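Visitor: sequence-free structure coming up:
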């Protein structure tokens with residue numbers, strides 16, 4: 001049976017919690033990646049480990065710019081996912097977030113960075129959101145598109 005529009009709950013987990021959390025993560029990461037010292041602090045390294053050679057390295061500055069661009073792109077996708085009325089699109093964003101942040105967490109753990117747990121928790125949150133989303137409607141919403 002179809003639930004009348006006025007009785008539908010539009011409280012999608014991805015739309016109202018997980019994707020907004022990722023938007024905040026990516027917005028703060030854009031700011032945190034403004035220079036190598038800020039990036040080092042974000043991943044749990046001492047900013048004293050950033051040398052003058054690192055600051056002047058075209059490779060380092062290029063990778064930092066790529067990281068900022070990645071965060072701009074995912075900030076845009078997270079915001080778009082909150083506004084677009086399709087659960088399938090939101091689930092695809094969550095799966096991409098889980099993969100990328102899981103890889104970042106694994107590398108940070110291998111590098112012994114202090115903040116490896118932060119991308120790991122976001123990765124788990126994205127994966128859980130994608131799994132729950134695929135079980136909708138029924139858990140958090142009565143509408144598959146929420």
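Guide: That came in fine, so what should we check first? Because the structure is predicted, anything quoted here is derived from the model rather than measured.
Visitor: Residue 89: how many residues sit nearby?
Guide: Residue 89 has 15 neighbours, counted by other Cβ atoms under 10 Å. Every C-beta, even on glycine, is put in place using the N, C-alpha and C of the backbone.
Visitor: any idea what sits nearest the residue nearest the centre of the chain, other than its immediate chain neighbours?
Guide: Centrality entry for the chain: nearest residue to the mean C-alpha point is residue 22, 4.1 Å, by Cα atoms, centre = their mean. Nearest residue to residue 22, sequence neighbours excluded (Cβ to Cβ, 6 or more residues apart in numbering): residue 78, at 4.4 Å.
Visitor: Quickly note the distance from the one you found to residue 51.
Guide: Note on residue 78: its distance to residue 51, by Cβ to Cβ, to the nearest Å, is 34 Å.
Visitor: Same check on residue 108?
Guide: 20 Å.
Visitor: Next SSE downstream of the longest helix along the chain?
Guide: Longest helix of the chain, by residue count under DSSP state H: helix 58-83. For helix 58-83, the following helix or strand on the C-terminal side (DSSP states H and E) is helix 87-110.
Visitor: now for that following helix, which elements pack on it?
Guide: Helices and strands touching helix 87-110, as assessed by 3 or more Cβ pairs under 8 Å, 6 or more residues apart in numbering; DSSP states H and E, comprise helix 19-32, helix 58-83, helix 117-134.
Visitor: ok, residues contacting it?
Guide: Helix 87-110 is contacted from outside by 12, 14-15, 18-19, 22, 43-44, 70, 74, 77-78, 81, 84, 115-120, 122-124, 126-127, 129-130, 133-134, 136, 144-146, using Cβ atoms under 8 Å, 6 or more residues apart in numbering.
Visitor: The worst-scoring helix or strand of the chain on mean pLDDT packs against which elements?
Guide: For the chain, counting by mean pLDDT, DSSP states H and E, helix 13 ranks last in confidence among helices and strands (a mean of 80). Using 3+ Cβ pairs under 8 Å, 6+ apart, the elements in contact with helix 13 are helix 117-134.
Visitor: now the helix it packs on and helix 19-32, what's the angle there?
Guide: 150 degrees (axes from the mean of the first three to the mean of the last three Cα atoms, to 10 degrees).
Visitor: got the angle for helix 117-134 vs helix 87-110?
Guide: On the basis of the same axes, to 10 degrees, helix 117-134 is oriented at 160 degrees to helix 87-110.
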